[in-house]
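In: below is the structure, and that's it, no one-letter string:
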């Protein structure tokens, strides 16, 4: 079986291709300029390639890692043509993504367990956190799961209202309190309700503010501690939502949130409206946290399970 065998549905694949079009177009436009007039991969080409990767928001550390690996291959081959550069880049980027993203999930699924699977969602306001929760709820419901939402971002009334809109849109139950309520109390009530309803999945929204990391850390720790009183060893997943269109700012947000709490997976949104899709590669590599979902469109079904094979295939198609 080819490593890049098509495994997505045609519709999903077309959405992914379209969502990465701006990133791909920008990257390969820069790459073609980097090798113009060159037939061999030499120091000049590698210097230009380094600039292309950094300017494509892959990140400095990950870029240097890619360049080192290509240099190693160049040193083994007496002559490496620039026409082979695409293939080499494709292989090295796929290799990097494979180091953190070990699986190749296609569908929205959860492990089988006796208690509800609890996802605590973190991320700054504006990153697409609430929208991601709504789209996740939709996908899990389509997969036949009983979903319950918890509006524990009580810092903003708008956050509660937005989550209610998504609950109505996807026809899933929501547990909420008034603005200013204790977020941990909302999470506690949500889990109690989910257990009573014999729900399959619980998605807890949390406040997205970073102005005080200590407060954020204390709040998230308290939410976790209170949830464990209802269901031990929860949450099962701490999902960090990052706005891919912010490029290097997404790196900084990842740094802040991973310092404040244990993040177990990533959702990278808004890739369809940006040329900064290279951020997926850099963040996955630098933080060693698997990318679980990517947003490649505004439609309710345009949140996809991240599949490294299909991502690389669409990027280099």
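Out: Cool, the structure landed. All of these numbers come straight from a predicted model, not from anything done at the bench. Residues are numbered from 1 along each chain as shown.
In: straight-line length of stretch 226-235, end to end?
Out: Counting by Cα to Cα, to the nearest Å, you get 11 Å between the two ends of stretch 226-235.
In: buried residues in it?
Out: For stretch 226-235, a neighbour-count test (16 or more other Cβ atoms under 10 Å) marks 226-227, 230-231, 234-235 as buried. In this view, the C-beta of every residue, glycine as well, is placed from N, C-alpha and C.
In: columns secondary structure on top of those, output as JSON lines?
Out: As requested, these are arranged in JSON lines below (DSSP: H, G, I helix; E, B strand; the rest coil):
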{"residue": "226", "secondary structure": "helix"}
{"residue": "227", "secondary structure": "helix"}
{"residue": "230", "secondary structure": "helix"}
{"residue": "231", "secondary structure": "coil"}
{"residue": "234", "secondary structure": "coil"}
{"residue": "235", "secondary structure": "coil"}
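In: export those residues to JSON lines and tack on distance to residue 162 and pLDDT?
Out: Converted to JSON lines, the buried residues of stretch 226-235 look like this (distance: Cβ to Cβ, whole Å; pLDDT from 0 to 100):
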{"residue": "226", "distance to residue 162": "23", "pLDDT": "96"}
{"residue": "227", "distance to residue 162": "22", "pLDDT": "97"}
{"residue": "230", "distance to residue 162": "25", "pLDDT": "97"}
{"residue": "231", "distance to residue 162": "26", "pLDDT": "96"}
{"residue": "234", "distance to residue 162": "24", "pLDDT": "94"}
{"residue": "235", "distance to residue 162": "21", "pLDDT": "97"}
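In: make TSV out of these and add distance to residue 196.
Out: As requested, the buried residues of stretch 226-235 are arranged in TSV below (distance: Cβ to Cβ, whole Å):
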residue	distance to residue 196
226	17
227	15
230	10
231	12
234	16
235	18
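In: and those, which is closest to residue 28?
Out: Closest to residue 28 out of the buried residues of stretch 226-235 is residue 235 (39.6 Å), distances taken as Cβ to Cβ.
In: what about stretch 175-186, start to end distance?
Out: From the first residue to the last, stretch 175-186 extends over 7 Å; the measure is Cα to Cα.
In: now that stretch: how far from the chain's centre is it?
Out: The offset between the C-alpha centroid of stretch 175-186 and the centroid of the whole chain comes to 27 Å, using Cα atoms, centre = their mean, to the nearest Å.
In: got the contact list for it?
Out: Outside of stretch 175-186, the residues that reach it under the criterion Cβ atoms under 8 Å, 6 or more residues apart in numbering are 148-157, 160, 163-164, 189-190, 193, 206-207, 219, 222-223, 225-227.
In: switch to 10 Å and redo it
Out: 148-161, 163-164, 167, 187-194, 202, 204-207, 219-227, 229 (Cβ atoms under 10 Å, 6 or more residues apart in numbering).
In: now, which of those lie within helices?
Out: Using DSSP state H, 157-161, 163-164, 167, 187-194, 219-227, 229 are the members of the contacts of stretch 175-186 that sit in helices.
In: tell me the buried residues within those residues.
Out: Neighbour counting with 16+ other Cβ under 10 Å marks 159-160, 163, 167, 187-191, 193-194, 219-220, 223-224, 226-227 as buried within the ones in helices among the contacts of stretch 175-186.
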